[in-house]
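>>> 3D, please:
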Amino acid sequence: MESVSADAFDESYYQRYYFDKKTKVADPQHVERLGDFVCAYLKYLRVPVHRVLDVGCGIGLWREIVARHFPQASYHGVEVSEYLCERYGWERGSVVDFRSRQPFDFVICQGVLAYLNPSDLKRALTNLGALSEGALYVEVVTREDYERDIVDEKLTDPNLFRHRAEVYRRGLSRHFKEMGGGVWLSDRSDVPLYALESPAA
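Now for the predicted structure:
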């Protein structure tokens, strides 16, 4: 089965899931609270943040949050959607194979990975390890979320793959330590952690 095509992320997609008040799933207030939490957590952990990559950045809801918490940091938005790249000026690219000469201190990947088939997902998880040398924030709907009736299927895109949570954890744990709340810390980071702040060995 193929990953969802980039052509699917056209103007009508964003009208339905982002702009139409009746059908949108993007809640700016939720992203604001989430962004404040994640950025505060990175500050607590003393993760130096100078370069930020938002891969699958959508309409750029994280941009102002990053600017407020890390005013000296650069923000780089990458999107597979040609429509959004033209509208917002993002760089065209995919989490599966986007490359950068330098890794980033903080990578954001929200609502992207469930659009990938198993082979592309495996490549994307490896690529996230190459792109981040500091922190990673990941949000993705898993099969367990459907099984536990956490997902509102009337609002959720039916094209999402229902990968198990363990698939994501296994792929990410090759390059990161899971810190909770969707935050992962790169194995290349030299941020010191207390024993109970990091997962058991």
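>>> Report the residue spans of the chain with pLDDT below the cut-off.
Along the chain, the model assigns pLDDT under 70 to residues 200-201.
>>> so what's the most centrally placed residue in the chain up against?
Geometric centre of the chain, nearest residue: Cys109, 1.1 Å, by Cα atoms, centre = their mean. By Cβ atoms under 8 Å, 6 or more residues apart in numbering, the contact set of Cys109 is Val55, Gly56, Val95, Leu128, Leu136, Tyr137, Val138, Glu139, Val140. Where C-beta positions appear, they are placed from N, C-alpha and C, glycine not excepted.
>>> What of Phe106?
By Cβ under 8 Å, 6+ apart, the contact set of Phe106 is 42, 47, 49, 51-53, 66, 70, 73, 132, 134-137.
>>> re the thing from before, export the contacts of Cys109 to CSV and append columns for neighbour count.
Shown next, in CSV, are the contacts of Cys109 (neighbours: other Cβ atoms under 10 Å):
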residue, neighbour count
Val55, 29
Gly56, 24
Val95, 24
Leu128, 24
Leu136, 25
Tyr137, 24
Val138, 21
Glu139, 16
Val140, 21
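>>> These into CSV, with extra columns for distance to Glu197 and secondary structure?
Supplementary listing: the contacts of Cys109 in CSV, determined by distance: Cβ to Cβ, whole Å; DSSP: H, G, I helix; E, B strand; the rest coil:
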residue, distance to Glu197, secondary structure
Val55, 26, strand
Gly56, 28, coil
Val95, 27, coil
Leu128, 21, helix
Leu136, 16, strand
Tyr137, 17, strand
Val138, 18, strand
Glu139, 21, strand
Val140, 23, coil
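>>> The residue nearest to the centre of the chain: what secondary structure?
Three-state call for Cys109 (DSSP: H, G, I helix; E, B strand; the rest coil): strand.
>>> is it in a bridge, and if so with what?
Taking DSSP bridges, one obtains Val138 as the residues bridged to Cys109.
>>> Out of the contacts of Phe106, list just those in strands.
Where the contacts of Phe106 overlap with strands, as defined by DSSP state E, the overlap consists of Arg51, Val52, Leu53, Ser132, Gly134, Ala135, Leu136, Tyr137.
>>> Of the residues you listed, grab the buried ones for PyMOL.
Entered in PyMOL, the line below selects the buried ones among the ones in strands among the contacts of Phe106, by 16 or more other Cβ atoms under 10 Å:
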select buried, resi 51+52+53+132+134+135+136+137
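>>> Go through the ones in strands among the contacts of Phe106 and name the one nearest Lys154.
Tyr137 (26.6 Å; Cβ to Cβ).
>>> Please save the CA atoms from the helix or strand hosting Arg33 in CSV.
Take DSSP states H and E as the rule and Arg33 turns out to sit in helix 28-45. Written as CSV, here are the backbone C-alpha positions of helix 28-45 (Å, rounded to 0.1, in the frame of the first residue of the first chain):
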residue,chain,number,x,y,z
PRO,A,28,-4.8,27.0,17.6
GLN,A,29,-5.4,27.1,21.4
HIS,A,30,-4.5,23.5,21.8
VAL,A,31,-1.3,24.0,19.8
GLU,A,32,-0.5,27.1,21.9
ARG,A,33,-0.8,25.1,25.1
LEU,A,34,1.2,22.2,23.6
GLY,A,35,3.9,24.5,22.3
ASP,A,36,4.3,26.3,25.6
PHE,A,37,4.6,22.9,27.4
VAL,A,38,7.2,21.5,24.9
CYS,A,39,9.3,24.6,24.8
ALA,A,40,9.2,25.0,28.6
TYR,A,41,10.3,21.4,29.0
LEU,A,42,13.2,21.9,26.6
LYS,A,43,14.2,25.0,28.6
TYR,A,44,14.0,22.9,31.8
LEU,A,45,16.2,20.2,30.3
